[in-house]
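Participant: pasting the sequence and the predicted coordinates here, then a few questions.
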Amino acid sequence: MASIPLLRLFPPEQSKLNHSAFFPANSFPTATYLRRQSPPKPAPIKCSSTTTPATDRLISAVSYFIPFFNGLQYGRYLFTKYPVLAAPIELLFPLLSMYHSVPYASFVTFFGLYLGVVRNPNFSRYTRFNALQALVLDVLLAVPVLLQRIVSPGRSGLALKLTAWVHSGIFVFVVACFIYGLVSSILGKIPYLPLVAEAAGRQLD
């Protein structure tokens, strides 16, 4: 029996799949629908920053001059070996002369800053923290001097070299803390000095 072509059994109009019968027109997501279902854009984050008053920054910055002035004595070995390091200090000679012109300047400035700022609730915590941090650093700087007077190491040989190393290390630490505290206070940020910040924070809490 002759084979009948399959195309004759199914007319061309019926051999084509009716896509609209299987997939209605409204079943395909349109571009408008996709835009509506797209996830919402996150809201922009607004950065809120509080500006530290200029008076608080000024008092905080000045507070760090006290341990710096009292810590200059530890730099005499470095100044002797490297005189160029004393050049920046010469710019502060007017302030140093004014500071040392006051009798018992260390005690006066210490108790004046402690009673007038640290224990004064009229000042902000930012100012009181920086002032107390500077005072704690100033107290720590007195410890090596007391130990040196008690132990009284020799002034020659290995004892002299050891004393010069310790004093030079303390001076570098003091200068680093001074620059860090001064710049942070000018910018209105809170400096956290090593070995000092935790003790100062406990005193205020």
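Facilitator: Sure thing, it's come through.
Participant: mind listing what Pro144 touches?
Facilitator: By Cβ atoms under 8 Å, 6 or more residues apart in numbering, the contact set of Pro144 is Tyr74, Val166, His167, Ile170. Just so you know, the C-beta spots here come from the backbone N, C-alpha and C atoms, and that holds for glycine as well.
Participant: show me which pair in those is furthest apart.
Facilitator: Using Cβ to Cβ, the two most remote members of those are Tyr74 and Val166, lying 8.4 Å apart.
Participant: which one's more surrounded, the two?
Facilitator: Taking other Cβ atoms under 10 Å, Tyr74 and Val166 do not tie; Tyr74 has more neighbours (21 against 16).
Participant: for the chain, which segments are assigned as helices?
Facilitator: Ranges of helices in the chain, per DSSP state H, are 6-9, 12-15, 19-22, 31-37, 54-63, 65-70, 76-81, 87-90, 93-101, 105-113, 125-151, 157-187, 197-204.
Participant: could you point out which of those helices sits nearest Arg119?
Facilitator: Per Cβ to Cβ, nearest to Arg119 of these: helix 125-151, 8.1 Å.
Participant: how far does the closest one sit from its chain's centre?
Facilitator: In terms of Cα atoms, centre = their mean, to the nearest Å, the gap separating the centre of helix 125-151 from the centre of its chain is 21 Å.
Participant: please apply the same query to stretch 184-203.
Facilitator: Chain-centre distance of stretch 184-203: 9 Å, with Cα atoms, centre = their mean.
Participant: same deal with stretch 104-119?
Facilitator: 26 Å.
Participant: end-to-end on it?
Facilitator: Distance across stretch 104-119, first residue to last, is 21 Å (Cα to Cα, to the nearest Å).
Participant: could the contacts of Pro144 be laid out in JSON lines, adding pLDDT?
Facilitator: Formatted as JSON lines, the contacts of Pro144 follow (pLDDT from 0 to 100):
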{"residue": "Tyr74", "pLDDT": "94"}
{"residue": "Val166", "pLDDT": "92"}
{"residue": "His167", "pLDDT": "93"}
{"residue": "Ile170", "pLDDT": "95"}
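Participant: mind putting those in TSV, distance to Ala86 included?
Facilitator: Listed next are those as TSV, based on distance: Cβ to Cβ, whole Å:
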residue	distance to Ala86
Tyr74	13
Val166	20
His167	15
Ile170	17
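Participant: which regions of this structure lie under the pLDDT threshold?
Facilitator: By pLDDT under 70, the weakly predicted segments of the chain are 1-50, 153-154, 156.
Participant: number of residues surrounding Thr52?
Facilitator: Neighbours of Thr52 (other Cβ under 10 Å): 18.
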